[in-house]
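Chemist: predicted model and sequence below, questions to follow.
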Amino acid sequence: MRGLVLLLYSIAGALLMSGFILVPGITRYAFSLGAILLGIRFFRIRDGIGARITFILLVVVLCLVFTSMYVLFATANDWWIPDVYKDMNNEPSPANPS
């Protein structure tokens with residue numbers, strides 16, 4: 001049961017952090033605040049250092065996975081993608097012509 005709670009909290013935190021990464025504008029900070037509050041809530045119910053470290057590691061890894069999955073699906077289906085992910089075409093930059 002403890003592992004399931006840890007996994008569910010980690011997935012929720014990773015989705016909130018992915019929202020922070022992908023959503024532009026001021027609304028992105030609502031996702032960040034939600035992730036912080038979720039982390040505080042998890043830290044209150046779990047006292048062990050191992051559970052806390054596992055939570056943080058799972059949030060970081062799952063956040064990268066969820067963000068990568070969204071960008072892949074968005075590219076395949078012509079959905080909206082943040083500009084940061086669009087400009088990866090391996091052209092030399094003007095500052096570094098080679």
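Modeler: Good, I have the coordinates. Numbering: from 1, shown residues only.
Chemist: in the protein, where is pLDDT below threshold?
Modeler: The model of the chain has pLDDT under 70 over residues 87-98.
Chemist: helices of that one, start to end?
Modeler: Using DSSP state H, the helices found in the chain span residues 2-22, 28-45, 49-77, 83-86.
Chemist: possible to save the ones you listed as TSV with mean neighbour count?
Modeler: Yep, even glycine has a C-beta here, placed from its N, CA and C like the rest. Converted to TSV, those look like this (neighbours: other C-beta atoms under 10 Å):
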stretch	mean neighbour count
helix 2-22	17
helix 28-45	14
helix 49-77	14
helix 83-86	11
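Chemist: shouldn't residue 10 be in contact with residue 65?
Modeler: No: at 11.2 Å, residue 10 and residue 65 do not qualify as touching, with contact defined as C-beta atoms under 8 Å.
Chemist: quick one: residue 79 and residue 30, what's the gap?
Modeler: 21 Å (C-beta to C-beta, to the nearest Å).
Chemist: check residue 57 too.
Modeler: In terms of C-beta to C-beta, residue 57 sits 24 Å off from residue 30.
Chemist: and for the spatially closest residue to residue 73 that is not a sequence neighbour, the neighbour number?
Modeler: Of all residues not flanking residue 73 in the chain, residue 79 sits nearest, at 7.0 Å (C-beta to C-beta, 6 or more residues apart in numbering). By other C-beta atoms under 10 Å, the residues close to residue 79 number 10.
Chemist: ok, now how distant is residue 79 from residue 22?
Modeler: Counting by C-beta to C-beta - residue 79 and residue 22 are separated by 11 Å.
Chemist: do the same with residue 58
Modeler: Taken as C-beta to C-beta, the span from residue 58 to residue 22 is 19 Å.
Chemist: again, but for residue 44
Modeler: 28 Å.
Chemist: over to residue 5?
Modeler: Counting by C-beta to C-beta - residue 5 and residue 22 are separated by 26 Å.
Chemist: what about stretch 10-17, distance to the chain center?
Modeler: Chain-centre distance of stretch 10-17: 6 Å, with C-alpha atoms, centre = their mean, to the nearest Å.
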